[in-house]
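> below are the sequence and a predicted model for it; my questions follow.
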Amino acid sequence: MSHYIHHVPGRLRIRSAALRCRSLLDGEARRELQALEGVTEVRFNPRAASLTLLYDPARIGRAQLFEALERHGCVEVESRSGKLATRAGTLFGKALVGAFVNKAVERSAYKLVSVLL
């Protein structure tokens, strides 16, 4: 699943298909987020699966906002970092195998040229 998170102190924007959770759609999670001390505005666009939170960073942190969303099943903070680590590992593995194959082909080419000469 693709997701987009943009954060600057005081503004958090999340766009993800995971935001189409029932709790956000029926307003329960939005009401809880709006009730948090320090949250000034909650904007949710269900068609774009986008959530924008405006907040006072001196009164509430990004982690607390994610915890509230996680309680409602709208985001999975743990699996997001796990998926990123898995993807990074996959990309590293492909690069390593690619380098190995490249080296093997290079050596084979040298041997072929030396036999022909």
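Received it, and whenever you're ready, just let me know what you need.
> and the helices in this structure, which stretches?
22-25, 28-35, 62-71, 77-116 (DSSP state H).
> contact partners of the first one?
Read it as helix 22-25. Applying Cβ atoms under 8 Å, 6 or more residues apart in numbering, the contact partners of helix 22-25 are Ala29, Arg30, Phe44, Pro46, Leu51, His72, Gly73, Cys74. C-beta: built from backbone N, CA, C; applies to glycine.
> what mean pLDDT does that helix get?
Across helix 22-25, pLDDT averages out at 72.
> repeat that for the last one.
Across helix 77-116, pLDDT averages out at 67.
> ok, now the second one?
The average of the pLDDT scores along helix 28-35 is 87.
> would you map out the domains in this protein?
As assigned by automatic domain parsing, the chain contains the domains 3-75, 77-117.
> let me have those in CSV, extended by mean neighbour count.
Listed next are these as CSV, based on neighbours: other Cβ atoms under 10 Å:
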stretch, mean neighbour count
domain 3-75, 15
domain 77-117, 10
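> pairing partners for the nearest residue to Leu33 once chain neighbours are set aside in the sheet, please.
What sits nearest to Leu33 in space, not counting adjacent residues and going by Cβ to Cβ, 6 or more residues apart in numbering, is Val42, at 4.9 Å. Following DSSP bridges, Val42 is listed with bridge partners Leu53.
> residue contacts, Val42?
So Val42 contacts Arg30, Leu33, Gln34, Leu51, Thr52, Leu53, Leu54 (Cβ under 8 Å, 6+ apart).
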